[in-house]
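Turn this into a model:
(one chain, ligands or ions: 1)
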Amino acid sequence: MKNKFNIGVDIGGTNIKYGMVSSSGRILACGIIPSCKTSGKKGVLRNLRKGIDSLLVSAKQSKFKINSIGIGVPGTVDLPKGRIIGIPPNLPFMADFSLRKYLRRFYPYPIYVDNDANVMALAEYKFGAAKGYKNCICITLGTGIGSGVILEGKLFRGSSFVGPEFGHTSIYFSGIRCHCGNYGCVEMYASEPAMLKRAKELLKKNRGSILYQLSQGDLNRLKAKDLFLAEKLKDKVSQKVIQETACYLGTALSSAVNLINPEIVVVGGGVALSAGVNFFKMIEKEIKTRAFPSATKNLKIVKAKLGNDAGFIGASILGEELDTQ
Ligand SMILES: [Zn+2]
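Got it, this is the predicted structure:
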């Protein structure tokens with residue numbers, strides 16, 4: 001296997017991240033390009049190929065042999081077909097698209113496609129925060145809430161590739177209506193847009209909040225990372241929103257922990273990457289208050305290790321993961 005490498009790509013709603021990665025998780029080359037979704041499917045596919053092409057040029061120059069190409073996409077994926085199932089909320093024009101069939105026209109390598117949170121979980125399990133554990137729940141906090149589960153050392157995908165959809169765990173019987181059709185899904189309470197919505201509501205009565213300064217006069221420019229920054233400066237609005245978010249997540253995670261009994265919960269995604277250690281402690285406290293004591297006694301709640309690279313690293317090893325099954 002000397003000098004054999006895989007290409008991994010993480011297609012997001014905003015950016016496409018890509019890399020050439022060794023079987024042991026070493027990144028040889030990587031890059032980022034806008035998803036260009038204003039140009040629809042054509043724009044996304046054009047930039048996806050630009051990213052892959054640039055890696056193939058680097059591979060050729062360095063005389064690296066490419067084994068396979070793996071892609072993570074924000075939606076449900078029919079794994080054997082490499083086809084997106086249904087409508088991905090962040091890339092709706094990619095609905096029911098056979099991504100593998102399309103890419104096969106351009107690249108003479110085995111091509112694998114999977115859900116983006118699944119590949120993130122795979123990367124954290126093989127090379128990151130969940131390395132060495134057999135049963136793990138990985139969640140990604142961002143515009144939505146994604147999740148991947150490792151059961152007995154294998155990525156779990158469910159009977160029709162939907163599992164797991166942790167973000168659609170209902171925490172309120174008759175709560176906010178979710179875009180999935182259910183009510184009270186945790187994604188409606190603990191995603192970045194949900195956090196910012198609550199912060200803006202609270203700001204109406206807290207004119208002295210430092211968030212006004214951080215937003216530079218436009219509250220629509222606020223991000224979750226501003227809330228974590230303001231929390232450190234003891235901003236009351238941020239403290240409240242972050243504490244509530246940890247409670248919502250801990251509540252939903254306590255159900256998942258009772259169901260799966262993992263050794264570790266890894267929390268990643270843009271929101272978690274900017275969070276301080278206190279955020280994870282609050283989530284842990286909530287889980288421990290609610291879940292079975294025997295399930296939480298040795299449970300670890302940790303921040304993801306591979307950051308923004310987790311998606312393309314995990315996608316790069318999809319071929320190897322599937323070959324060993
Ligand atoms: Zn939902």
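
Up against the ion, what does this structure have?
168, 178, 180, 182, 185 (Cβ under 5 Å from the ion). (Glycine included, C-beta is placed from N, CA and C.)

isn't the first one right next to C185, touching?
Right, the one you point to is H168. Yes - counting by Cβ atoms under 8 Å, C185 is a contact partner of H168 at 4.5 Å.

list residues touching both of the two?
Residues within reach of H168 and of C185 at once, by Cβ atoms under 8 Å, 6 or more residues apart in numbering, are C178.

Those two: who's more crowded?
Neighbours per residue, other Cβ atoms under 10 Å: of H168 and C185, the larger number sits with C185, 27 against 21.

contacting residues around the more buried one?
Applying Cβ under 8 Å, 6+ apart, the residues near C185 are 167-171, 175-176, 178.

tell me the pLDDT at the nearest residue to it once chain neighbours are set aside?
Leaving aside its sequence neighbours, C185 sits nearest to C178 (Cβ to Cβ, 6 or more residues apart in numbering; 3.9 Å). Looking at C178, its pLDDT stands at 94.

For C178, give its distance to L249.
For C178, the distance to L249 equals 16 Å [Cβ to Cβ, to the nearest Å].

which stretches of this structure have low pLDDT?
The chain contains residues with pLDDT under 70 at 1-3, 325.

Quick one: classify the residue nearest in space to the middle of it as helix, strand or coil.
The chain has T140 as the residue nearest its centroid, 3.7 Å off, counting by Cα atoms, centre = their mean. On the three-state scheme (DSSP: H, G, I helix; E, B strand; the rest coil), T140 is labelled strand.

In contact with it, which residues?
Going by Cβ under 8 Å, 6+ apart, T140 touches 116-117, 120, 146-147, 268-269, 272, 304.

Outline the domain layout of this structure.
Using automatic domain parsing, the domain parsing of the chain gives 4-123+309-323, 132-304.

Please enumerate the strands of the chain.
Assigned by DSSP state E, the chain shows strands spanning 4-11, 15-22, 27-34, 65-73, 76-78, 83-85, 111-115, 136-141, 145-151, 154-156, 264-268, 300-303.

Check which helices and strands the first one sits against.
Yep, that's strand 4-11 we're talking about. With contacts defined as 3 or more Cβ pairs under 8 Å, 6 or more residues apart in numbering; DSSP states H and E, strand 4-11 has these neighbours: strand 15-22, helix 40-61, strand 65-73, helix 116-127, helix 310-316, helix 318-323.

Report the closest residue of the stretch 201-325 of the chain relative to the ion.
The nearest approach of the stretch 201-325 of the chain to the ion comes at A252, 11.2 Å away (Cβ to the ion).

Can you report how many residues lie near that residue?
29.

Likewise for the one 5 residues further on?
Burial of V257, expressed as a neighbour count using other Cβ under 10 Å, amounts to 22.

about what we covered before: the residue of the stretch 201-325 of the chain closest to the ion and L196: what is the separation?
Counting by Cβ to Cβ, the gap between A252 and L196 amounts to 19 Å.

I figured the residue of the stretch 201-325 of the chain closest to the ion hits Y172, correct?
No - using Cβ under 8 Å, A252 is not in contact with Y172; the gap is 10.5 Å.

picking that back up, which members of the contacts of C185 are classed as buried?
Among those, the ones that count as buried by 16 or more other Cβ atoms under 10 Å are 167-171, 178.

So what would you say the end-to-end distance of stretch 91-99 is?
This stretch, stretch 91-99, spans 13 Å end to end (Cα to Cα, to the nearest Å).

contact partners of it?
Residues outside stretch 91-99 that contact it (Cβ under 8 Å, 6+ apart): 11, 13, 35, 37, 40-41, 44, 71, 73-75, 81-88, 111, 113.

Can you flag the buried ones in these?
11, 13, 35, 37, 44, 71, 73-75, 82-85, 88, 111, 113.

Cheers, nothing more for now.
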